[in-house]
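J.: Here is my input; please provide its structure:
(chains A and B)
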Amino acid sequence: MANFAQQIVSGLASGAIYGLLGLAIVLINRATGVINFAQGEMATLSAFLCWTLIDHGWSFWPAFGATLLLSFAGGAAVQAVLIRPLQSGPLLGVVILTIGLLIAINGLDTWIWGGAPRQFHGPFSTAPIRVGGVAFSKQDIGTIVVAIVSVALVGLLFTRTRLGLGLRATAVNAAESRLVGIRVATMLAVGWGLAAALGAVAGVMAAPSLFLEPNMMQTVLLYSFAAAVLGGMSSPVGAVVGGLAIGVLLNVTGTYVHWIGGELRLATALVVILLVLLLRPQGLFGRAAVSRV
Amino acid sequence: MRAKIIGVALAFVVLALLPFVLSEFRTVQLATVGAYFIAILGLDVLTGHSGQISLGHGAFMAVGGYTTAILMANHGVQDLWTIPIAAVVAGAIGLLAGIPALRLTGFYLALATFGIAVALPTVLKKFDKFTGGSTGITLFGKPTQTGHGVGVWGMTNNTWLYALTWTIGAVLFLVAWWLLGSRFGRSLRAVRDSELAAAASGVNRSKYKVLAFGISAAYAGVAGALYAINIAYVSPDTFPVQLSLFLLVGAVVGFFGSIWGAALGALLILFLPDIVGVIPHVDTKQAGPTTFFYGMVLVALMLLLPLVLRGARLLSRR
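T.: Reported below is the predicted structural model:
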């Protein structure tokens, strides 16, 4: 039973990371109707930036803050420079472009930092905390707390600020938002920036347990897709809940279903994606798509 | 039309003469290009003409490659006979995959096929009794299983691999050309451009989309089989997710899913490292820079293509 509780908590910790990246994917999908395949690689790049700052003698939290700002700027720049020219064209063009970015950033990471996995010392120790005979790792608890704070901040930004109102309006209807004076182009860039910053949180939180290397987020990206799809692809709450659910599901099936074990985690996530897309495309929290013909 | 026929005939002559002027090393490299060429032809049928994007075509190549490897290593089948079997097995799996794909539009199909490409190596490792796990399978047990053309007209093993791959590649190109020019190809493009209009004109959209998936997968299966025969070894790392993504790059580079550019895309996949190596201060001995430029080629193409098309339209208006 104690082991089971541990598995749940460590599942929630990895699930929090999937949820953060899933949320980033959903934010972009809601605002621009695009799935950003480069989201995972952007997060890896952020984690490498953070590592480099720490390597230059920064302590963790300032480095983390600087990484978030840099990632925000980078995400906004990607939207403004690369995505905007294609926004009016066929959506497939944007998807292929984000796949190009995925490949390019992966290559850039390998180019600059090399392919060998490196240790990333996170802010939380891996020492256990004992609660009623159950040992939880501080790193797991810390990751969950950071994720909750990030999601809460993004939620507040969207619901309580003028900027958030503009972002939501742009996501619902860009053309009419422009008519009422919202700077749609800025909003879209801010949306990509926010998504990149959320991804940076996910990347930095994932790095201590996954080891930092260029392909670090490739598997996480698939889990995050599963999270986003399970949550309905357009629901921010759904992405977070979906992420936690996927994290726990993978941990529990990996530990207790012997046949799945550690090896078939990716396949399990893929099965979740396929089942949801085929049986309930609107996911748990999304609205069913109705198209007028 | 006549220009195209002359062009194809010329290309075939060049292909036949190349081994006489190139080194053995280049010849065997071009044999690999041939395998990519066939896979890209398949992707052209699927993505270019039926509008269904696949980020997981490396997985169908893996099905073909493993079919060949298992038949040769464990059942002593001759390499030539495994190629049609690989096509049938991959094609059947493609048809099956095409049915759920009907329900996935645009992005979601991209997402699901991407998932397949990412998950495939782990699945191959899991079922190690069948696939040899991470060690993979070495193809050639007996010398009689392979190299049928070696010695004929003075062919070495490398020229034989080249001849085998490109003969099949040329035939499959002609088949694709004929298919896409026929009623089948027109129906595919009609469904791609407007499912509603196609259905209203009596085109069975499901049938054509699923068939496109099956044919495309069969092409990838042949490509995988030839790829395996060329390198005489398969393992889960032979078919990484990068392979699937590079195939898409190849298809896009080859004039956006037109079979006429497939060879260009295939050449780029193999020779981009050499091209990148020409840039000063770039070390292509490690994978990073090359991968970076693969990605940038795709990004640049997507950004420039609309401009090029617009420019062409402006010029033609004069």
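J.: what does the stretch 51-200 of chain B have sitting close to chain A?
T.: Contact residues (C-beta under 8 Å from any C-beta of the partner chain) of the stretch 51-200 of chain B with chain A: B:53, B:55, B:100, B:103-104, B:106-108, B:110-112, B:114-116, B:118-119, B:122-123, B:125-126, B:196. The way it works is simple: take the backbone N, C-alpha and C, and place the C-beta from them, glycine included.
J.: One more pass at 6 Å, please.
T.: B:100, B:103-104, B:107-108, B:110-111, B:115, B:118-119, B:122-123, B:126 (C-beta under 6 Å from any C-beta of the partner chain).
J.: Now the buried members of those.
T.: Buried members of these, counted by 16 or more other C-beta atoms under 10 Å in any protein chain shown: B:104, B:107-108, B:110-111, B:115, B:118-119, B:122-123, B:126.
J.: which ones among the residues you listed are found in helices?
T.: With helices taken from DSSP state H, the overlap with these comprises B:107-108, B:110-111, B:115, B:118-119, B:122-123, B:126.
J.: Determine the next helix or strand in the C-terminal direction from the helix or strand harbouring residue B:41.
T.: Of the helices and strands defined by DSSP states H and E, residue B:41 is found in helix B:24-43. Going down the chain from helix B:24-43, the next helix or strand is helix B:50, by DSSP H and E.
J.: Same question for the helix or strand that comes right after that next one: list its buried residues.
T.: Under the assignment DSSP H and E, the closest C-terminal helix or strand after helix B:50 is helix B:57-75. Buried residues in helix B:57-75, counting neighbours by 16+ other C-beta under 10 Å, are found at B:57-73.
J.: export helix B:57-75 as PDB, just CAs?
T.: The C-alpha trace of helix B:57-75 is given here as PDB (Å, rounded to 0.1, in the frame of the first residue of the first chain):
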ATOM      1  CA  HIS B  57       6.300   6.200 -42.700                       C
ATOM      2  CA  GLY B  58       9.500   4.900 -41.200                       C
ATOM      3  CA  ALA B  59       7.300   2.400 -39.300                       C
ATOM      4  CA  PHE B  60       6.000   0.900 -42.600                       C
ATOM      5  CA  MET B  61       9.600   0.700 -43.700                       C
ATOM      6  CA  ALA B  62      10.300  -1.100 -40.500                       C
ATOM      7  CA  VAL B  63       7.500  -3.600 -41.200                       C
ATOM      8  CA  GLY B  64       9.100  -4.300 -44.600                       C
ATOM      9  CA  GLY B  65      12.600  -4.500 -43.300                       C
ATOM     10  CA  TYR B  66      11.700  -6.800 -40.500                       C
ATOM     11  CA  THR B  67       9.600  -9.000 -42.800                       C
ATOM     12  CA  THR B  68      12.700  -9.500 -45.000                       C
ATOM     13  CA  ALA B  69      15.100 -10.000 -42.100                       C
ATOM     14  CA  ILE B  70      12.900 -12.600 -40.300                       C
ATOM     15  CA  LEU B  71      12.200 -14.500 -43.500                       C
ATOM     16  CA  MET B  72      15.900 -14.500 -44.500                       C
ATOM     17  CA  ALA B  73      17.500 -15.200 -41.100                       C
ATOM     18  CA  ASN B  74      15.000 -17.500 -39.500                       C
ATOM     19  CA  HIS B  75      13.400 -19.200 -42.500                       C
END
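J.: Relative to the whole chain's centre, how far out is whatever helix or strand comes next after it?
T.: The C-terminal neighbour of helix B:57-75 among helices and strands, as given by DSSP H and E, is helix B:79-101. Distance of helix B:79-101 from the chain centroid (C-alpha atoms, centre = their mean, to the nearest Å) equals 14 Å.
J.: give me the element residue A:129 is part of.
T.: strand A:128-131.
J.: For the helix or strand that that strand is followed by, the averaged confidence score.
T.: Following strand A:128-131 in sequence order, the next helix or strand is strand A:134-137 (DSSP H and E). What strand A:134-137 shows for mean pLDDT is 78.
J.: which other helices and strands contact strand A:134-137?
T.: Helices and strands touching strand A:134-137, as assessed by 3 or more C-beta pairs under 6 Å, 6 or more residues apart in numbering or on different chains; DSSP states H and E, comprise helix A:2-32, strand A:128-131.
J.: what about the helices in the stretch 101-250 of chain B?
T.: Along the stretch 101-250 of chain B, counting by DSSP state H, counting those that start in this stretch, helices occupy B:106-126, B:128-131, B:157-181, B:183-193, B:195-200, B:205-231, B:241-253.
J.: Now pLDDT too, for the buried ones among the residues of the stretch 51-200 of chain B next to chain A, in CSV please.
T.: Shown next, in CSV, are those (pLDDT from 0 to 100):
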residue, pLDDT
B:104, 79
B:107, 79
B:108, 83
B:110, 85
B:111, 85
B:115, 87
B:118, 87
B:119, 86
B:122, 84
B:123, 85
B:126, 81
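J.: what two of those residues have the greatest distance between them?
T.: B:107 and B:126 (28.4 Å; C-beta to C-beta).
J.: For the nearest residue to residue B:233 once chain neighbours are set aside, grab the count of nearby residues.
T.: The spatial neighbour of residue B:233 that comes closest, neighbours along the chain excluded (C-beta to C-beta, 6 or more residues apart in numbering or on different chains), is residue B:138 at 5.4 Å. Look at residue B:138: counted by other C-beta atoms under 10 Å in any protein chain shown, it has 14 neighbours.
J.: pLDDT score assigned to residue B:138?
T.: 78.
J.: now swap in residue A:125 and tell me
T.: 79.
J.: from memory it sits against residue A:140, does it?
T.: No: Residue A:125 is beyond contact range of residue A:140, at 11.2 Å (criterion: C-beta atoms under 6 Å).
J.: Tell me how far stretch B:44-62 lies from the chain's centre.
T.: 9 Å.
J.: ok, now stretch A:129-137?
T.: 28 Å.
J.: ok, residues contacting that stretch?
T.: A:2, A:5, A:9, A:126, A:128, A:138 (C-beta atoms under 6 Å, 6 or more residues apart in numbering or on different chains).
J.: Now render those as a markdown table, adding neighbour count and distance to residue B:48.
T.: Shown next, in a markdown table, are those (neighbours: other C-beta atoms under 10 Å in any protein chain shown; distance: C-beta to C-beta, whole Å):
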| residue | neighbour count | distance to residue B:48 |
| --- | --- | --- |
| A:2 | 10 | 56 |
| A:5 | 15 | 52 |
| A:9 | 19 | 48 |
| A:126 | 12 | 50 |
| A:128 | 15 | 55 |
| A:138 | 15 | 52 |
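J.: Just give the closest residue to the most centrally placed residue in chain B, not the sequence neighbours.
T.: Taking C-alpha atoms, centre = their mean, the centroid of chain B lies closest to residue B:39, which sits 1.2 Å from it. Distance criterion C-beta to C-beta, 6+ apart; nearest residue to residue B:39, sequence neighbours excluded, is residue B:223 at 3.7 Å.
J.: Give the full set of residues in contact with that neighbour.
T.: B:35, B:38-39, B:61.
J.: Go through the residues you listed and say which is closest to chain A.
T.: For those, the minimum distance to chain A (C-beta to the nearest C-beta) is 16.7 Å, reached by residue B:39.
J.: so the closest one makes contact with residue B:218?
T.: No: using C-beta under 6 Å, residue B:39 makes no contact with residue B:218, being 10.9 Å away.
J.: ok, residue A:199 - how many residues close by?
T.: 34.
J.: and if you look at residue A:99?
T.: For residue A:99, the count of nearby residues is 26 (other C-beta under 10 Å).
J.: Please report how far it lies from residue B:8.
T.: From residue A:99 across to residue B:8, the span is 31 Å (C-beta to C-beta, to the nearest Å).
J.: now residue A:116
T.: Counting by C-beta to C-beta, the gap from residue A:116 to residue B:8 is 47 Å.
J.: Cheers, nothing more for now.
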